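Visitor: Give me the fold of what follows.
(chains A and B)
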Amino acid sequence: MRRLRPFILIILILAAWETAARSGLWSPLLFPSLERIGKELWLFVSRSDGWWQTWVSLYRTFGGFALAAIAGVALGMLMGRSALVAELLDPLFSGTYAVPKLALFPIFIFLFGLGSLSKVALIFLECLYPMTIITYHGAKSVNPVLIWSAQNMGASRLRTLARVVFPAMLPYVFAALRVALPVALIVAIITEMISSVDGLGYLVSYSLSSLKTDRMLAIVVVISALGLALDHALVALRNRLVYWERLDTFYV
Amino acid sequence: MKIALARVGAVLIVLVAWQLLSLRGLPEFVLSPVEIAKHFVAALGTPELYRDAAASLARALPGFALGTVLGIALGLAAGIARSFDEMLSPLVFLTYPVPKIVMLPVFMLWFGIGDLSKVLIIALACFYPAFINAYYGARATRRILVWSARNMGASEAEIFRRVVLPGALPQIFAGLRVALALSFIVMFAAEMINARSGLGHLIREAENSLRFDLMYVSLLTIAILGYAGDRLIRFLRGYFLPWEESHA
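Guide: Numbers count the residues shown, from 1 in each chain, chains lettered A, B, ... in the order given. Next up, the predicted model:
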């Protein structure tokens, strides 16, 4: 009984959904039954178009995410190891942290066009903040004894960064990646919903405007599964690379 | 003093470089800082800006309040009661990496295209950081503190109020900060996707009619609101947690 507990709430919600769908109180447009959502889901995965749209969204997500990861780790490391860089960049980052970068999207459309570039640029900007700020804290909290001993043994500055600081802050880097990856997916979907002709976000708003609620919910399920799978893949990668510090919880 | 100068200096350098670039001629959709400031001051004199800002806040703040209150209450409950934890946490952590904004069209179907669906989607987005931070804050309570409180005859309610809650507060504030930033993002996204008022709607309309000045006015307003909200939370944090050293 005890081992079933984690599933109770999930099963209850699904059962409530199905009851609501079958009660006939609401139109199937509002509450399509699980069966119809499942059918649409099958239709989605069995046709190449669905896979193509998923690829488009993933490509944008990863493009912005990867660029932000590289730039953010570099910036965070520099800020953590140099007081001058930190003093110059910290006010820029902490001052604009709470500002929704999404507001820049219309300007990005004019700058980078309606295609993927404006979306990738916005994903990059939105992910850069958690990447830089968390890496910065990681680089700052490296045990100074490690750095001193590396310097004592004659390591150059660059070598100290690559062989001591970087591995020591790796847990923080993964914490940052884990915050940034869902953000990247969210921004990709939002920008596709606002202005796009392809991608999963576009499919969601397209199915809604053609009143295909079951199809829309099937795509919502696909996006949710994608978010979940990416997060699990990242945790698996983290546990392989940062093997000296296991992560058991679902959240850093 | 030196640090303060460096901080002001970095921002100033960016602004001056931007202004100098605009002298050389920028595309018409990139306004110079001076022009943006001029348009912003002009817009401050019109009632429209206040109406849109008020409409946006009327969506973001109730959503933020609803989501964080629920999230903190349930997160604390799951953090101290095992049966609750085992039932609720799997669902929360399972759906945590899911982009909540995709539920907006679903919510629009259920609750209409008015403000209710937007407030609820903001509440949903804010629930997660509030829950997760309150949960880990409560779980991180040191056993020895609970034992000593119990030893000195504190009731369970007293232990919660005097030991668990103060210990979890720093984490709860961290969650509130994330939730506030999220509430602004989701509010803006929801308004850009579908709304008839608010700052997100204003920026869309400005975009469609190529009113670049209005785009920057909307952008600057949302930036100021976001910054002010963040400052307010940091101020409250300093007020309630004077013993905690705040870090950016």
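Visitor: now residue B:196: how far from residue B:51?
Guide: Using Cβ to Cβ, to the nearest Å, one obtains 11 Å as the distance from residue B:196 to residue B:51. For glycine as for every other residue, the C-beta is placed from the backbone atoms N, C-alpha and C.
Visitor: what ranges do the helices span in the stretch 1-150 of chain A?
Guide: Counting by DSSP state H, counting those that start in this stretch, the stretch 1-150 of chain A forms helices over residues A:5-23, A:34-46, A:48-81, A:83-95, A:105-112, A:116-140, A:144-152, given from the N-terminal end onward.
Visitor: most packed of the ones you listed?
Guide: Burial of the helices of the stretch 1-150 of chain A is given as mean neighbour count (mean count of other Cβ atoms under 10 Å in any protein chain shown); helix A:116-140 ranks first at a mean of 24.
Visitor: Any part of the longest helix along chain B near chain A?
Guide: If each helix of chain B is counted by residues according to DSSP state H, the longest one is helix B:47-80. No: legend: contact between helix B:47-80 and chain A by Cβ under 8 Å from any Cβ of the partner chain is lacking; minimum distance shown is 10.0 Å.
Visitor: Flag every buried residue along that helix.
Guide: For helix B:47-80, a neighbour-count test (16 or more other Cβ atoms under 10 Å in any protein chain shown) marks B:49, B:52-53, B:55-64, B:66-68, B:70-72, B:74-80 as buried.
Visitor: repeat for stretch A:166-175
Guide: Of the residues in stretch A:166-175, those scored as buried under the neighbour-count criterion (16+ other Cβ under 10 Å) are A:166, A:168, A:169, A:170, A:171, A:172, A:173, A:174, A:175.
Visitor: Whether that stretch contacts chain B - can you check?
Guide: No: residues of stretch A:166-175 are not located near chain B by Cβ under 8 Å from any Cβ, the shortest gap being 13.0 Å.
Visitor: Quick check: closest non-adjacent residue to residue B:29.
Guide: The shortest distance from residue B:29 to any non-neighbouring residue, by Cβ to Cβ, 6 or more residues apart in numbering or on different chains, is to residue A:110 (4.1 Å).
Visitor: My read is that the one you found contacts residue B:31, right?
Guide: No: contact between residue A:110 and residue B:31 fails when scored by Cβ atoms under 8 Å: they sit 11.6 Å apart.
Visitor: re earlier: columns pLDDT and secondary structure on top of the buried residues of stretch A:166-175, output as TSV?
Guide: Formatted as TSV, these follow (pLDDT from 0 to 100; DSSP: H, G, I helix; E, B strand; the rest coil):
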residue	pLDDT	secondary structure
A:166	88	helix
A:168	87	helix
A:169	88	helix
A:170	88	helix
A:171	86	helix
A:172	88	helix
A:173	91	helix
A:174	89	helix
A:175	86	helix
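Visitor: can you list the domains in chain B?
Guide: If the domains of chain B are taken from automatic domain parsing, they occupy B:1-30, B:31-240, with pieces of a single domain joined by a plus sign.
Visitor: and stretch B:101-114, anywhere near chain A?
Guide: Yes: contact of stretch B:101-114 with chain A is found when judged by Cβ under 8 Å from any Cβ, involving B:101, B:102, B:103, B:104, B:105, B:106, B:108, B:109, B:110.
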